[in-house]
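Asker: when you get a sec, could you give me coordinates for this:
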Amino acid sequence: MKKYLLLLIYLSIVSGCYNPGSRSWMIPVSIDPSDLLYTPSQLESFEMRRNQVIDSLDGAYVILRSWDQNSHNRHQFRPNNYFYYLTGFDAPGIYAILGNSPEVQYVLSSPQQSIRNQIYDGSELSTDEIQEKFDPQLLLSRREVLGLIDSLLETGQSIYIDRADKLFQYELQDMRGEENKVDFIAGDT
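Answerer: Below is the predicted model of the structure:
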């Protein structure tokens, strides 16, 4: 009897180690991915928020970026709060510029396309998909957006940025140069 009990214990251990946690994979889960998509009313709320901010700008600009190296870890991306609140866009490496001028009202940058980004972050939205979904006035490449930011810094207008993204403030000041200090107005988080 003792032999059979030991054999039974041995077989249960071996079968459990062969496929550990297999029962948890047997639970039927039905996931409906449609709840992960934005509805038109949600996209309208982002547009309404942007328009409120744009209407309150008197010649000033808001420059935000979707990421800050200190705000997320390497495992999961989370966009900066202000950026997401105004755009609804949750991809890394994106800049948003808001202004009350006819040339610059709502500008987005397109994500950098690279094999590394596709491996680690998944496939990015195409420029056509970004234009259709988020409806920016201008959709520029990263290089073009950095050029636009540089030209906005030269205007001398007030620039609103996210206070939580300290590194971005230093990067903008470096773009402008030491002799040309820019006063950035940092929003509260």
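Asker: use CA for all of it now, contacts and neighbours both
Answerer: Will do.
Asker: where do the helices sit along this protein?
Answerer: For the chain, applying DSSP state H gives helices covering 2-18, 22-25, 40-56, 81-87, 115-121, 127-134, 142-154, 166-176.
Asker: mean pLDDT lowest where, among these?
Answerer: When these are ranked by mean pLDDT, helix 22-25 comes last with a mean of 46.
Asker: Ser101: which of the helices of the chain is closest?
Answerer: Proximity to Ser101, assessed across the helices of the chain by CA to CA, is greatest for helix 40-56 (9.0 Å).
Asker: what's the closest one packed up against?
Answerer: Counting contacts by 3 or more CA pairs under 8 Å, 6 or more residues apart in numbering; DSSP states H and E, helix 40-56 packs against helix 81-87, strand 95-99.
Asker: now the angle from that helix to helix 127-134?
Answerer: For helix 40-56 against helix 127-134, the angle by axes from the mean of the first three to the mean of the last three CA atoms, to 10 degrees is 80 degrees.
Asker: buried residues in helix 40-56?
Answerer: Using 16 or more other CA atoms under 10 Å as the test for burial, helix 40-56 gives 46-47, 50-51, 53-54.
Asker: hey, which of the helices of the chain is tucked in deepest?
Answerer: When you average the neighbours per residue for each of the helices of the chain (mean count of other CA atoms under 10 Å), helix 81-87 leads with a mean of 19.
Asker: for it, name the packing helices and strands.
Answerer: Under the contact criterion of 3+ CA pairs under 8 Å, 6+ apart, helix 81-87 touches helix 40-56, strand 61-65.
Asker: other residues contacting it?
Answerer: Helix 81-87 is contacted by residues 46-47, 49-50, 64-66, 89-90, 96, 134, 162 when judged by CA atoms under 8 Å, 6 or more residues apart in numbering.
Asker: closest one of the residues you listed to Leu148?
Answerer: Ala96 (11.1 Å).
Asker: who does the closest one form a beta bridge with?
Answerer: Beta bridges link Ala96 to Leu64, Leu108 when assigned by DSSP bridges.
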